[in-house]
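Asks: Pasting the sequence and the predicted coordinates here, then a few questions.
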Amino acid sequence: MEVRTRFAPSPTGFMHLGGVRTALYNFLYARKMGGKFILRIEDTDQERFVEGATDVIYDTLKACGMNWDEGPDVGGPCGPYIQSERKDLYLPYAKQLIRSGHAYYCFCTKEELEARHEAAKARGEVFKYDKHCLRLTQAEIQRRLDEKVPYVIRMNAPETGESTYHDLVFGDMTFQNSDAMDDMVLIKADGMPTYNFANVVDDHLMGITHVMRGMEYLSSTPKYNFLYNAFGWEIPQYVHLTTVMRDEKHKLSKRDGDAYYSDFISKGYLTEALINYLALVGWNPGDNREFFTLDELIEAFDISGLHTSPGIFDVNKLTYFNAEYIRRLAPEKYLELAAPWFDQALAGTRVDYRRLAELMQARTEIFSRVPDMVRFLKDLPDYDTELYVNKKQKSSLESAPEALSFCRDVLERVPDWNETVIHDTLIPAIAEAGKKNGAVLWPLRIALSGLLSTPGGAIEIAYLLGREETLRRIGLGLDKLAHANA
RNA sequence: GCCUCCAUUGUCUAGAGGCCUAGGACGCCGCCCUCUCAAGGCGGAAACAUGGGUUCGAAUCCCAUUGGGGGUGCCA
């Protein structure tokens, strides 16, 4: 039988990383098995409607390379794929359950329910719907229906017995019906189905064979199975996924500003790195491999590698993956991606981006850190002369001035201002003068950058700065040192 | 409260009774390379939550405790 998986997000306006991972596993499994990956939008909560939210879902999935075979935009044999557009389809199914005794009309108002909820809470109990409306006679029901009294349709859950189902990652799950079941609402007062109901109906109608979703549904699954059984439908395979956590106690949340796919992309993380890392939080291939392309993930993915314990999303490790992916970029690609970030700090300068990109590529972990790393090329920071002191390089406050004026003399004579010529002029000159490279180049680099660490050494920086600016900064350094030594 | 899931270094994890004096990766520390910082190379510190069983033998199986997650909505 063909495997059919689905990703069924509700359009909130953002793609949570946990959602991205759920989508990924569904996608991976479908592709691995040569099956179909279906996208379904679950927008049954009209109050939460967000304009343009479905586009966020489409764009994210596409950017990640997770192409769906059936969905709202591409269509398919089981459409429509947006639940609000399927609205009229659910009521007949609910009525079928009423006829078979598995569901019933409920006319209790939200206010009444809330009051009973509060009362139960005051007694230290947890409220569970008491089947109040199940006791209504047929005539009473009909009268209210005729009077257009608002109603919901509830599931008539069993109060005794137990339910067992098999989960592909957690194994056999058994619950007492008294614990796991309640008369949950199937059809809301506004005529919309609840998630619980639409989910079951749609998964069946769409021929979903494997339901892969967050483990928050682990304990409500018996209720869904009750529905499948009531309809006489085949129960799908369940694959419950652990939660992606921020730390031991908290899951990734919007509050921290690091829960959404877009948060990471705007910070300069590469989609490929994010996907690669995300796949590994909660799943492992069974060996020590860590780097995977999407195709390699498809190849390696297996449900048996899914974990039962929650994983903490480690930004540190993600950053490592990102840095590695950046290093593997073709130089032109790196330049293309880095240029906008260079612009942020260097707009208005004539810095050679191509050369800068070469120097920066191995030093870039996240693009958002790039501007601060290159800003010194535009504006020399107001640095402390202590930076000139470096024992290992034999540079001191006393030796630096002479080194700098030496550099000035040599650099003034450099015929062509390109890196090779600068290098081939300076280095031999240092040797001829009987000086040590470090003792000259260390103070030079400090004078040119005002920084303890820089992308590239003194010669590279001199080249990027241009002759004029280089000589100007040397002069500035000399002044600073004269002042400090006075 | 009740139900339920989970538990190997700071983090992600390997481990499915003897292969474990517990392996890999990130991070951290040190060394090398070097005009700085990265990158790269080499090395180091760092874990089986606790207590009971079962067994010749337990990180691996069972139970309890502790800790954490999730559920308990006309949200999904």
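Replies: Nice, I can see it. Residues are numbered from 1 along each chain as shown, chains lettered A, B, ... in the order given.

Asks: Secondary structure class of the closest residue to residue A:359 other than its chain neighbours, three-state.
Replies: Setting aside the residues directly before and after it, residue A:359 is nearest to residue A:456 in space (Cβ to Cβ, 6 or more residues apart in numbering), at 4.3 Å. No exception for glycine: its C-beta is placed from N, CA and C like everyone else's. Using DSSP: H, G, I helix; E, B strand; the rest coil as the criterion, the local structure at residue A:456 reads coil.

Asks: near RNA strand B, anything from the helix or strand encompassing residue A:276?
Replies: Secondary-structure assignment from DSSP states H and E places residue A:276 in helix A:271-280. Yes: in this structure, helix A:271-280 sits against RNA strand B according to Cβ under 7 Å from any atom of the strand; the contacting residues are residue A:280.

Asks: Name the surrounding residues that touch that helix.
Replies: With contact meaning Cβ atoms under 8 Å, 6 or more residues apart in numbering, helix A:271-280 is reached by A:17, A:20-21, A:24-25, A:28, A:63-65, A:244, A:261, A:264-265, A:290-294, A:297, A:301, A:317-318, A:321-322, A:324-326.

Asks: wait, what's in contact with residue A:390?
Replies: Residues in contact with residue A:390, defined by Cβ under 8 Å, 6+ apart, are A:438, A:442.

Asks: Could you do the one 4 residues further on as well?
Replies: Listed by Cβ under 8 Å, 6+ apart, the contact set of residue A:394 reads A:436, A:438-439.

Asks: same question, residue A:267
Replies: A:366-368.

Asks: do residue A:236 as well
Replies: In this structure, residue A:236 makes contact with A:203, A:208-211, judged by Cβ under 8 Å, 6+ apart.

Asks: So which of the residues you listed belong to helices?
Replies: With helices defined by DSSP state H, the entries of the contacts of residue A:236 inside them are residue A:203.

Asks: Distance to residue A:397, neighbour count and pLDDT added to the contacts of residue A:236, as JSON lines?
Replies: Putting the contacts of residue A:236 into JSON lines (distance: Cβ to Cβ, whole Å; neighbours: other Cβ atoms under 10 Å; pLDDT from 0 to 100) gives the following:
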{"residue": "A:203", "distance to residue A:397": "74", "neighbour count": "23", "pLDDT": "98"}
{"residue": "A:208", "distance to residue A:397": "73", "neighbour count": "23", "pLDDT": "97"}
{"residue": "A:209", "distance to residue A:397": "74", "neighbour count": "19", "pLDDT": "97"}
{"residue": "A:210", "distance to residue A:397": "70", "neighbour count": "21", "pLDDT": "97"}
{"residue": "A:211", "distance to residue A:397": "70", "neighbour count": "23", "pLDDT": "97"}
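
Asks: How is residue A:238 assigned, secondary-structure-wise?
Replies: Taken by three-state DSSP, the conformation at residue A:238 corresponds to strand.

Asks: Now residue A:201: closest residue in space, sequence neighbours ignored.
Replies: Of all residues beyond its chain neighbours, the one nearest residue A:201 is residue A:93 (5.4 Å), with distances taken as Cβ to Cβ, 6+ apart.

Asks: didn't the one you found look like it was pressed against residue A:231?
Replies: Yes: with contact defined as Cβ atoms under 8 Å, residue A:93 reaches residue A:231; the gap is 7.4 Å.

Asks: So for those two, which residue has more residues nearby?
Replies: In this comparison of residue A:93 against residue A:231, neighbours counted by other Cβ atoms under 10 Å, the higher total goes to residue A:93 at 22 against 16.

Asks: C-alpha coordinates for stretch A:127-142, CSV please?
Replies: Output in CSV follows, covering the C-alpha atoms of stretch A:127-142 (Å, rounded to 0.1, in the frame of the first residue of the first chain):
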residue,chain,number,x,y,z
PHE,A,127,-14.6,19.2,35.1
LYS,A,128,-15.6,16.6,32.5
TYR,A,129,-18.7,17.0,30.5
ASP,A,130,-21.4,15.1,32.3
LYS,A,131,-23.5,13.9,29.3
HIS,A,132,-26.2,16.3,30.5
CYS,A,133,-27.7,16.7,27.0
LEU,A,134,-27.5,13.0,26.3
ARG,A,135,-30.5,12.7,28.6
LEU,A,136,-32.7,14.9,26.4
THR,A,137,-35.6,13.2,24.7
GLN,A,138,-36.0,13.1,21.0
ALA,A,139,-38.8,15.6,21.2
GLU,A,140,-36.8,18.0,23.3
ILE,A,141,-34.0,17.9,20.9
GLN,A,142,-36.3,18.4,17.9
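
Asks: Of the contacts of residue A:267, grab the buried ones for PyMOL.
Replies: Those of the contacts of residue A:267 that count as buried under 16 or more other Cβ atoms under 10 Å are selected in PyMOL with:
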select buried, chain A and resi 366+367
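
Asks: Which members of the contacts of residue A:267 are positioned in helices?
Replies: In helices, defined here by DSSP H, there are no members of the contacts of residue A:267.
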